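Colleague: Here is my input; please provide its structure:
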Amino acid sequence: MEKRLFIFLLVLIVFLLVGCVKQPIKKEIPGSNNVKIVENEEKSVKERTEETEKQIHGFDFGIEYGPLGLAEVYSETRVHVAKPYPEAVIWKNIQSSASSAYNWVNLDAIVKEYQDAGFDKMQLLITAESPWASRDAGSLKVKDTRPKQEYEDDYVKFVKAAVERYDKDGIDDMPGLKYPINEWGVEREFSGFFPGNGNEYVEVLKLAYPAIKEANPNAKVMLNALFMSSMFVGNPDEKEVERRLKEEKILGNPKTVNDIRIILDAVDYYDTVDLHLLSDYSEIPATVRWIKGELKKRDVSKEIYGGDVFPMSPLFIGFETCNIGPLSGKEIYPVDSKTRCEAVEIIGAVRKKNDPNHKKANEWLERNIAVNIPRKFAVSAYEGLKGINIGNMEDWFIPFGAGVSPNMGLIDTASMLDKIRQPKEKRPGFYAVKMSIKYLEGFDSVRKIDLIGNAYVYEFTKSGEKIIVAWYDDGKFYGLDKETPSIEISVPWNKKSAKITEVPVKRGNEEGSLQIIDSANGRLNFKLGYTTVFIM
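Modeller: This is a model prediction of the structure:
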């Protein structure tokens, strides 16, 4: 209940704020459905391949946010990283007063369930919020979660106790702990979820970092977490990124770009930059380029992880209306001003069971979620991320203001009100995760085959075998009953034939349609559409 109320209040704040925020310019990628695609010069492809292989050192396939009751069903996908809801390690939920003992019962239950199901990595977010210890967190609206000066030592003790309990060093460990938990995020997403500014976040980080490291020298501290999607959607070039950054307004985030730079400055107090990638995959390359550039300015190199990754664009943020006004929300790439009303209609149809297009809209949403999941994995791997956590594991209750994101669950559940969730039917996105891991887990390297136009082709090498993930995307929004484009392409292939399997887009299918085609003169020539395919 607390989480839903918090999100609801946050959404109210967000849609009041976004009326003053400009929608970033959409970067159109020129292309034609009738263009014959050819591979770029071999030299440039080889150079990019070598650069990428230096970046690959294992890739983590993760999911979030994990409640009780869903670990076993998600273990079927072979995903091995899980992140529980942030409430799991909020100080107030573990120590109710200064004189109270720590109560680990709820957190232990989450850790035990997911580890018993085979999740060997978990990421926990430790949060200082406490009605008795925080500077201003006793009312409905939390204004300042930093510990009061007289409780800073208590906060440090709490952090050490939490990290010690789950480090599996044999000292004060959780009973039955199977794997160490070595990844700790400090506070929640650096947007509306952390109420303070950049300097205030760094204050908490400087208290938490040495405490985490003292309790577990193997732990990695995650700078948690940067949400800047509107700066990078559409994969803009450096000039356009700088134009957006100068505006200082991040869509859906009350923090400024300067706040982001302030927390990045604290290079001695984090090991991993945690990104929240909450639009479509097009934001990933530009985001990573910018983060790496900022780290280079500070003469450091850090891991980059996608700790909270929507499978697709939520389409909208703020109050979803066709008409534009002071309190109306903003469309999110690939939706633009021309397709805004169409997106609003889809969002409404998804939510309202009595809408005549309710079933069709949900099928459209589930199809697009499934299509985009392997895109997120492929692009993230190529750009050098350490891994990503795809969400959501279940639908959320947010009545308005968040586009289609509340309906991005990968399975049906009986009720979010159940403390222990009851899994129901699996959606196409569930099998898209399973399929991605089946074919890509353990890959050795990945390269992007640069083609003219809007074909995206990522070639993975796994145990000497080539696996291609490919799709066509012209950067436009295609709503209900809209036919998505396709294009004829040609890619290098050293076998006599290839199996091309689409990601599943309908309920009841674990994999999509399959075709087998012969190669000709060392190449595969076929029609590539909007639905993502795996080629083997």
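
Colleague: Give me the distance between the residue nearest to residue 476 when sequence neighbours are not counted and residue 237.
Modeller: Spatial nearest neighbour of residue 476, chain neighbours left out: residue 334 (6.1 Å); criterion: Cβ to Cβ, 6 or more residues apart in numbering. All C-beta spots, glycine's among them, are computed from the backbone N, C-alpha and C. Distance, residue 334 to residue 237, by Cβ to Cβ, to the nearest Å: 18 Å.

Colleague: between the two, who's got more neighbours?
Modeller: residue 334 (23 against 11; other Cβ atoms under 10 Å).

Colleague: Now do the contacts for the more buried one.
Modeller: Neighbour list for residue 334: 26, 234, 280, 282, 313, 475, 476, 477 [criterion: Cβ atoms under 8 Å, 6 or more residues apart in numbering].

Colleague: residues touching the residue nearest to residue 101 when sequence neighbours are not counted, list them.
Modeller: In space, and not counting its chain neighbours, residue 101 is closest to residue 95: 7.6 Å by Cβ to Cβ, 6+ apart. Counting by Cβ under 8 Å, 6+ apart, residue 95 touches 101, 102, 103, 130, 158.

Colleague: again, 10 Å this time
Modeller: 101, 102, 103, 130, 132, 133, 154, 155, 157, 158, 161 (Cβ atoms under 10 Å, 6 or more residues apart in numbering).

Colleague: Buried only: go through those residues for me.
Modeller: 130, 132, 133, 154, 155, 158, 161 (16 or more other Cβ atoms under 10 Å).

Colleague: now the residue nearest to residue 476: how far from residue 535?
Modeller: For residue 334, the distance to residue 535 - Cβ to Cβ - is 25 Å.

Colleague: And for residue 425?
Modeller: Residue 425 is 29 Å from residue 535, by Cβ to Cβ.

Colleague: the more surrounded of these two?
Modeller: residue 535 (21 against 10).

Colleague: So the more buried one is in contact with residue 457, correct?
Modeller: Yes: Residue 535 lies in contact with residue 457 (Cβ atoms under 10 Å); the separation is 8.8 Å.

Colleague: Would you map the helices across the stretch 301-450 of the chain?
Modeller: Assigned by DSSP state H, counting those that start in this stretch, the helices in the stretch 301-450 of the chain fall at 340-351, 358-382, 428-440.

Colleague: Can you point out the buried residues in the first one?
Modeller: Buried residues in helix 340-351, defined by neighbour count with 16+ other Cβ under 10 Å: 340, 342, 343, 344, 345, 346, 347, 348, 349, 350, 351.

Colleague: In this structure, what helix or strand scores lowest on average pLDDT?
Modeller: The weakest-scoring helix or strand in the chain, judged by mean pLDDT, DSSP states H and E, is helix 42-55 (a mean of 35).

Colleague: helices or strands up against the next helix or strand after that one?
Modeller: Counting by DSSP states H and E, the element after helix 42-55 in chain order, helix or strand, is strand 60-66. Applying 3 or more Cβ pairs under 10 Å, 6 or more residues apart in numbering; DSSP states H and E, we find strand 60-66 packed against helix 71-75, strand 81-84, helix 105-116, strand 121-126, strand 303-309, helix 358-382, strand 387-390, helix 428-440.

Colleague: which ones are touching residue 123?
Modeller: By Cβ under 10 Å, 6+ apart, the neighbours of residue 123 are 60, 62, 64, 66, 81-84, 181-185, 220, 222, 224, 272, 274, 305, 307, 387, 389.

Colleague: what residue is smack in the middle of the protein?
Modeller: Nearest to the geometric centre of the chain sits residue 309, at 0.9 Å (Cα atoms, centre = their mean).

Colleague: That one against residue 369, yeah?
Modeller: No: using Cβ under 10 Å, residue 309 makes no contact with residue 369, being 11.9 Å away.

Colleague: anything in contact with each of the two?
Modeller: residue 390.

Colleague: for stretch 332-345, the distance to its chain's centre please.
Modeller: Mean-position distance between stretch 332-345 and its chain equals 22 Å (Cα atoms, centre = their mean, to the nearest Å).

Colleague: Can you check the distance spanned by that stretch, start to finish?
Modeller: 15 Å (Cα to Cα, to the nearest Å).

Colleague: Show me what counts as buried in stretch 469-481.
Modeller: 469, 470, 471, 472, 473, 474, 475, 476, 477, 478.

Colleague: give me every residue that touches the nearest residue to residue 420 once chain neighbours are set aside.
Modeller: Using Cβ to Cβ, 6+ apart and skipping the chain neighbours, the partner closest in space to residue 420 is residue 69 (4.1 Å). Shown in contact with residue 69 (Cβ under 10 Å, 6+ apart): 113, 394, 413, 414, 418, 419, 420, 421, 422, 423.

Colleague: how much space between the second one and residue 318?
Modeller: Pointing back at residue 394 there. Residue 394 is 23 Å from residue 318, by Cβ to Cβ.
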